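# Okay, predicted coordinates and the sequence, questions at the end:
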Amino acid sequence: MPYKVKSVSSLNTMAAILSSTLLVTLTVPATAQSVNAESEKRPNIVMIVTDDQHRIDFNFLPEGRDSNGKALNLSPNIDKIANEGIIFNNMYATSSVCTPSRFSVLTGQLASRATSHRFANDLEQFKQANVSFNTHILPENDSLPKILKQHGYFTGGVGKNHVFEGEIPHKIKKNADVTNAKVIEKLVENQNEQIKAYHDNGFDYAARIYTGNVPGQYPKGLEAHNQDWITEGALEFLTQAKKKHEPFFLYFATTLEHGPHKQGKKYKGDPRMTPIGLLSDEDLPKVQPSRTSISQRIKAAGLEQRAADVLWLDDAVGALLTKLEDIGELDNTIILYFTDHGVEGGKGSLYQGGTLAPSFVWAKNLKKSGTRIDNIVANIDFAPTIYDFANIDNPPEMDGRSFRQLLTKPSSDDWRQSLTSEIGMTRSIIKDGWKYIAFRVPEAKQNLSAKERKKKALSQRHNRSVTDFDSLPWMHMGGIPGGRGLERLVVKTYGKENYFAADQLYHVAIDPREKVNLIADEKYAKILASLKEEMATELKQRAGSFEEFTE
């Protein structure tokens, strides 16, 4: 059922709202009953997707340890399942911002297969697929919750959305009084529409949803992370799952460690703040260790303040593990952990700093626990892998493939040798330690009217002092002349000379920071030609044109 707003007093206490939050469930459809007999034989799936998590946050990565090998984070729960599981050294986000990456995680498809209206309208106008924040999942799409539900899984989702298309009936001003009854009513109605979007896309249970990023979506009076609130919703789902006869799927999407606030300070936000208003003191979640203990534990471990939010996130993972054990389901659960894309100066680009994403998988009976897999895997592989474990045939038009075989045979020759990725007006291919990036601005975009260029540019605050809009360059993501703030960081990280080059070739095996563009070096002409030919073959099968590659 949706949240209910009954009176001003109930709005002020939030108790009625919160109690109904935890009851958002639907009945498993009759079509699923035929598989219930074998449900117990199939594993539960917990998919943890973090937001903009840095490589330094993971103790199992070189970046997560100091020069003496000491861990830079206090994350015992994440460390345990990572070290007992299988770590992917080369997990890629095929698109390096939140929405398209999550589209691929939840569908097994490249984001350029999206049919959402903003993406489709842009494709129709410019003929070139511009993969960005416009690739949303619709009810008619074959997504993980939808397919798993059809095959007898009890499905639940909590946390950050930013991918399932839903209505936002009310635009609420940034300075709105979040204690005002009418404002709270609008917040609740917005939340209900987000929950409806989850239900429409196959979730039986949906609660504690953030429309998108914390900054920009809510009034300033609510602009803080609340991991405890999200975790409480996930635990309630697991409580309900225990009463079912079906296996379950939990999509646990945190808002950490995206902004607002600097690393190490996000946990200090007001614990009353949620997308539906301020919690009363009695409704504050008590499902994780106290926030006040976080700084104490970090200090006792001799770590930097930066690590505090990692510990907060780890506490959430610990709460999930404890709950799974308490309900007797931990040993029959597969946990997949993925941070939606890289944030090492490459977000919004196809450089390694944007596409290489820390990831691992844990299950009680993995025979090769402690293994690190070097094969190229990608976010498009999660859905087919989950279907494989659930004994479900893949729906049509899957771009990914199950990596289940790699978990027992990491050296398998029967695996992809290359991967073609996409964001905005760029495409890339990585193979044998080499990466080629093509940056093509479609003619229709180059010829936009001055009025249209100005309109697009002014959507970004940093462009509002510009007087000559024709001078603003097109950036990789392709939506805004002069680019977004995150694109400016990419230029700073990788350099103007490389960033704006139409063609780029990097030997990432020895130049992982992609500083030396070898595109003009004749010694690598054959490698370049081979990469371009293979990428062209791939792009001809995708939506839209991409200049000479699809002619």
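Arrived safely. This structure is a prediction, so every number in the text was calculated from the model and none was measured.

# In contact with residue 44, which residues are there?
241, 247, 248, 249, 250, 324, 329, 332, 333, 334 (CB atoms under 8 Å, 6 or more residues apart in numbering). C-beta coordinates here come from the backbone N, C-alpha and C atoms, glycine included.

# Can I get the residues you listed in CSV including distance to residue 359?
Output for those, formatted as CSV (distance: CB to CB, whole Å):
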residue, distance to residue 359
241, 24
247, 22
248, 21
249, 18
250, 17
324, 20
329, 22
332, 22
333, 17
334, 13
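
# Let me have those residues in a markdown table, extended by pLDDT and secondary structure.
Formatted as a markdown table, the contacts of residue 44 follow (pLDDT from 0 to 100; DSSP: H, G, I helix; E, B strand; the rest coil):
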| residue | pLDDT | secondary structure |
| --- | --- | --- |
| 241 | 98 | helix |
| 247 | 98 | coil |
| 248 | 98 | strand |
| 249 | 98 | strand |
| 250 | 98 | strand |
| 324 | 98 | helix |
| 329 | 97 | coil |
| 332 | 96 | helix |
| 333 | 97 | strand |
| 334 | 97 | strand |
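
# Just give me the closest of the residues you listed to residue 218.
residue 250 (24.4 Å; CB to CB).

# my guess is the closest one contacts residue 240, does it?
No. Using CB atoms under 8 Å, residue 250 is not in contact with residue 240, being 10.8 Å away.

# Overlap in contacts, those two.
Counting by CB under 8 Å, 6+ apart, the residues touching both residue 250 and residue 240 are residue 156.

# Quick check: closest non-adjacent residue to the most centrally placed residue in the chain.
Geometric centre of the chain, nearest residue: residue 340, 3.4 Å, by CA atoms, centre = their mean. Distances taken as CB to CB, 6 or more residues apart in numbering put residue 101 closest to residue 340, at 4.6 Å, once the chain neighbours are dropped.

# hang on, the one you found in a helix?
Yes. Assessed with DSSP: H, G, I helix; E, B strand; the rest coil, residue 101 lies in a helix.

# contacting residues for it?
Residue 101 touches 93, 94, 95, 111, 340, 341, 357, 379, counting by CB under 8 Å, 6+ apart.

# gap between residue 100 and residue 116?
11 Å (CB to CB, to the nearest Å).

# Between the two, which is the more surrounded one?
residue 100 (30 against 18; other CB atoms under 10 Å).

# Pretty sure the more buried one sits against residue 136.
No. Applying CB under 8 Å as the test, residue 100 and residue 136 come out as separate, 9.5 Å apart.

# what residues are shared contacts of the two?
Shared contacts of residue 100 and residue 136, defined by CB under 8 Å, 6+ apart, are found at residue 114.

# Verify the contact between the residue nearest to the centre of the chain and residue 47 for me.
No. At 11.6 Å, residue 340 does not count as touching residue 47 under the criterion of CB under 8 Å.

# so what's in contact with these two at the same time?
The contact sets of residue 340 and residue 47 overlap at residue 105 (CB under 8 Å, 6+ apart).

# Kindly provide the distance from the residue nearest to residue 340 to residue 332.
Residue 101 is 28 Å from residue 332, by CB to CB.

# Also residue 203?
Distance of residue 203 to residue 332, given as CB to CB: 21 Å.

# the more surrounded of these two?
Taking other CB under 10 Å, residue 203 and residue 332 do not tie; residue 203 has more neighbours (30 against 16).

# name the element that one belongs to?
Assigned by DSSP states H and E, residue 203 belongs to no helix or strand.

# For it, which residues are in contact?
Contacts for residue 203 were tallied using CB under 8 Å, 6+ apart; they are 145, 149, 155, 156, 157, 251.

# same check, this time on residue 172
Residue 172 neighbours (CB under 8 Å, 6+ apart): 183, 186, 187, 190, 218, 219.

# How about residue 49?
Listed by CB under 8 Å, 6+ apart, the contact set of residue 49 reads 102, 105, 160, 251, 252, 253, 254, 338, 339, 340.

# In helices, which of these fall?
When DSSP state H defines the helices, the subset of the contacts of residue 49 inside them is 102, 105.

# Roughly how far does residue 205 sit from residue 183?
According to CB to CB, residue 205 and residue 183 sit 27 Å apart.

# quick one, which of those two is more surrounded?
Taking neighbours as other CB under 10 Å, residue 205 and residue 183 compare with residue 205 leading, 27 against 20.

# What values do phi and psi take at residue 546?
Residue 546 adopts backbone torsions of phi -150, psi 70, taken as degrees, to the nearest 10.

# Please name the bridge partners of it.
residue 548 (DSSP bridges).

# quick one: it and residue 325, what's the gap?
According to CB to CB, residue 546 and residue 325 sit 49 Å apart.

# So between these two, which is more surrounded?
residue 546 (23 against 12).

# That one is in contact with residue 438, isn't it?
Yes. Counting by CB under 8 Å, residue 546 touches residue 438, with 7.4 Å between them.

# Regarding the closest residue in space to residue 178 that isn't next to it in sequence, what is its secondary structure?
Distance criterion CB to CB, 6+ apart; nearest residue to residue 178, sequence neighbours excluded, is residue 221 at 3.8 Å. Three-state assignment for residue 221 (three-state DSSP): helix.

# Residue 221: what's it in contact with?
Shown in contact with residue 221 (CB under 8 Å, 6+ apart): 176, 177, 178, 179, 273, 278.

# The stretch 201-350 of the chain: helices as residue ranges?
Along the stretch 201-350 of the chain, counting by DSSP state H, counting those that start in this stretch, helices occupy 227-242, 291-300, 308-326.

# what residues are up against residue 382?
The contact partners of residue 382, by CB under 8 Å, 6+ apart, come to 47, 105, 108, 144, 336, 338, 400.

# Quick check: which element contains it?
Using DSSP H and E, residue 382 falls within helix 382-389.

# And for residue 525?
Assessed by DSSP H and E, residue 525 sits inside helix 525-539.

# Flag every buried residue along stretch 436-454.
Going by neighbour count (16 or more other CB atoms under 10 Å), the buried part of stretch 436-454 is 436, 437, 438, 439, 440, 441, 442, 445, 448, 453, 454.

# Over to stretch 200-215?
Those would be 200-214, for stretch 200-215 by 16+ other CB under 10 Å.

# Output it as PDB, nothing but the C-alphas.
Once non-C-alpha atoms are left out, stretch 200-215 reads as follows in PDB (Å, rounded to 0.1, in the frame of the first residue of the first chain):
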ATOM      1  CA  ASP A 200       5.300  -1.400 -12.000                       C
ATOM      2  CA  ASN A 201       8.800  -2.800 -12.800                       C
ATOM      3  CA  GLY A 202       8.400  -6.100 -10.900                       C
ATOM      4  CA  PHE A 203       9.200  -5.400  -7.300                       C
ATOM      5  CA  ASP A 204       6.900  -7.000  -4.800                       C
ATOM      6  CA  TYR A 205       8.300  -4.800  -2.000                       C
ATOM      7  CA  ALA A 206       9.600  -1.200  -2.300                       C
ATOM      8  CA  ALA A 207      10.500   1.200   0.400                       C
ATOM      9  CA  ARG A 208      12.900   3.900   1.500                       C
ATOM     10  CA  ILE A 209      13.400   5.200  -2.100                       C
ATOM     11  CA  TYR A 210      15.600   8.100  -3.100                       C
ATOM     12  CA  THR A 211      14.500   9.500  -6.500                       C
ATOM     13  CA  GLY A 212      18.100  10.100  -7.500                       C
ATOM     14  CA  ASN A 213      21.100  11.800  -6.000                       C
ATOM     15  CA  VAL A 214      20.600  13.400  -2.600                       C
ATOM     16  CA  PRO A 215      21.700  16.800  -3.700                       C
END
